[in-house]
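S.K.: Need a 3D model of the following:
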Amino acid sequence: MSTLADQTRWMDATDQAALVASGEVSPSELLEAAIERIERIDPALNAVVIRWFDHARETAASADLPNGPFRGVPFLIKDLFATYEGQRISNGNVAFMEAHVIADADTTLVSRHRAAGLVIAGRTNSPELGSVPTTEPVAWGATHNPWDTTRTPGGSSGGAAAAVASGMVPFAHASDGGGSIRIPASCCGLVGLKPSQGRITLGPVRDESELSVEHCVSRTVRDTAALLDATRGPGIGDTVIAPPPAHPYVEELGADPGRLRIGILDHHPQGGPVDAEVTHAAQAVGTLLESLGHHVEAAWPTALEDKTFGSKLRALWSTNMGLFQRRLQDQLGRPLEDRELEPINRVGADIANHFTAVDYRLTLSAVAQYRRAVQSWWHDGWDLLLTPTLGELPLKLGTIVNNPDDPMSPIRRSGDFAPFTAPFNTSGQPAISLPLQWTAEGLPVGVQLVAAYGREDILIRIASQLEQAQPWAPRTPEV
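M.R.: Prediction:
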């Protein structure tokens, strides 16, 4: 690699922005360093599947590049719903990929990314419609984990996580409808904050009252905090709006969190299997938190033990697949052929097509009751819940795959892999995965911390404290 590509490979976005602000490096030079890394590293990973390097070069060289907090920093957006005017999007779908669909407008969040001065150079791989926690779409093929290329980087933001963990870019856009920021953060040794429902607008098309939120995966807590400051807030017509923070999130970095009351859940709340190394990771972080002066004890919301939760989530997942299928067809102007929608997503859409309006409203009512039951634990005086992020170590690629004879099998296998993340999409609460533990073989093992609704400030304070106490930045993959 060139000197600059090598020098900036493991710099976070905050430091890269400082290089530009000081005049030491131009946005164009920073972009060329990132492009060089992508072209050198990505053949082994398949993380960046759509590229618009020439457009990015024009953006970086423009006198109109916004003077935002990340002016000149190279960035990638996930290939899922986040439209960028004039550029391709496929949503991981074969039909969209083959049709070279071009977006006619930015989402509100992408506009905020651009206003922050980020130079967006392409899209990262996502499973089709973001429906599973691995990144192996038929359209683009599998993305590989930089720590062990035989394993998944997680999903659905797996391409984003692989690109950041391997040093292509310092952080990247990600989204999370059931764990899709936290799962790949855990698999790839990154920071992954799922914000509160309504913290960042999903406008102008998507609805904040659904399961999904958007933010990023990063290597440092300060990048996650600073990007949240740059992009948070409602858009026009939002129906769910998180309460504004008392201070900018970057001011929470290094701030004393006080003595927090933390519950720890180190086993599957519904009795399923959990890898011993995953359990050990949560216990070790619990011990670390106690050493930092916090009160930690075995406690968790009993609502997490509800064995009907999976059926509630699948009902919402299926209706979303039905919606997404309809939108894909409307944009293409024709029905999708059988080969143009993966079996898992086609069966989900088929299930939705047999729902009645009353069925859907009953599901929403059950979800609302579940949300209140989960959130009440924090209302009763707890500050944080500590869990493993995943139930297993990063899976071998090919573990969660389409099976036409049993098309729902990937969903069942996904539930075993990630039992700790989806409840907090349903409850709408902020949760963060931190890379605090590693196996003897060098695989990252994330732990999850969950705060009360709207309390990203507490998560950033405690994440910053843990990052200082047990730094993970020196660990980098050899890919």
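
S.K.: Quick check: phi and psi at residue 447.
M.R.: Main-chain torsions, residue 447, degrees, to the nearest 10: phi -120, psi 150.

S.K.: show me the contacts for the residue most central in space within the chain.
M.R.: A centroid search over the chain (Cα atoms, centre = their mean) returns residue 181, at 1.7 Å, as the residue closest to the centre. The contact partners of residue 181, by Cβ atoms under 8 Å, 6 or more residues apart in numbering, come to 157, 174-175, 192-194, 213, 215-217, 433. In short, each C-beta sits where N, CA and C put it, glycine included.

S.K.: Let's see that with 6 Å instead.
M.R.: The contact partners of residue 181, by Cβ atoms under 6 Å, 6 or more residues apart in numbering, come to 157, 174, 192, 194.

S.K.: can you give me the helices for the stretch 101-250 of the chain?
M.R.: 108-115, 158-165, 182-188, 221-231 (DSSP state H, counting those that start in this stretch).

S.K.: now the stretch 301-450 of the chain
M.R.: Using DSSP H, counting those that start in this stretch, helices in the stretch 301-450 of the chain cover 309-332, 343-353, 357-379, 409-417, 423-426.

S.K.: Just the CA trace of the shortest one, in CSV.
M.R.: Right, helix 423-426. Only the C-alpha atoms of helix 423-426 are listed here, as CSV (Å, rounded to 0.1, in the frame of the first residue of the first chain):
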residue,chain,number,x,y,z
PRO,A,423,-36.1,-8.1,21.9
PHE,A,424,-34.7,-4.6,22.0
ASN,A,425,-35.8,-3.8,18.5
THR,A,426,-39.3,-4.7,19.7
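
S.K.: Quick one: mean pLDDT for it?
M.R.: In this model, helix 423-426 carries a mean pLDDT of 96.

S.K.: ok, and what's touching it?
M.R.: Identification of contacts with helix 423-426 by Cβ under 6 Å, 6+ apart yields 178, 211, 304, 367, 370-371, 431, 450.

S.K.: next one: stretch 287-299
M.R.: Residues external to stretch 287-299 that are found in contact with it (Cβ under 6 Å, 6+ apart): 259-264, 286.

S.K.: related to what we said a few turns ago, output the helices of the stretch 101-250 of the chain as JSON lines; include the columns mean neighbour count, distance to residue 298 and mean pLDDT.
M.R.: Listed next are the helices of the stretch 101-250 of the chain as JSON lines, based on neighbours: other Cβ atoms under 10 Å; distance: least, Cβ to Cβ, whole Å; pLDDT from 0 to 100:
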{"stretch": "helix 108-115", "mean neighbour count": "20", "distance to residue 298": "38", "mean pLDDT": "98"}
{"stretch": "helix 158-165", "mean neighbour count": "35", "distance to residue 298": "30", "mean pLDDT": "99"}
{"stretch": "helix 182-188", "mean neighbour count": "35", "distance to residue 298": "22", "mean pLDDT": "98"}
{"stretch": "helix 221-231", "mean neighbour count": "24", "distance to residue 298": "27", "mean pLDDT": "99"}
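
S.K.: Tell me which of these approaches residue 340 most closely.
M.R.: helix 158-165 (20.8 Å; Cβ to Cβ).

S.K.: Identify the residues contacting the closest one?
M.R.: 45, 47-48, 76, 78, 124-125, 135, 143, 146, 153, 169, 171-172, 174, 184, 188-190, 217.

S.K.: So which of these are in strands?
M.R.: 48, 76, 78, 124, 171-172, 174, 217 (DSSP state E).

S.K.: what does the average pLDDT come to for stretch 386-406?
M.R.: Rounded mean pLDDT across stretch 386-406 is 96.

S.K.: Sort out which residues of it are buried, please.
M.R.: Neighbour-count burial for stretch 386-406 flags 386-395, 397, 399-402 (criterion: 16 or more other Cβ atoms under 10 Å).

S.K.: What is the nearest of those residues to residue 22?
M.R.: So of the buried residues of stretch 386-406, ranked by how close each gets to residue 22 (Cβ to Cβ), first place is residue 389, at 36.4 Å.

S.K.: Touching, that closest one and residue 448? I think so.
M.R.: Yes - if you go by Cβ atoms under 6 Å, residue 389 and residue 448 touch, sitting 4.4 Å apart.

S.K.: hey, what's in contact with both of the two?
M.R.: Jointly contacting residue 389 and residue 448 under the rule Cβ under 6 Å, 6+ apart are residue 433.
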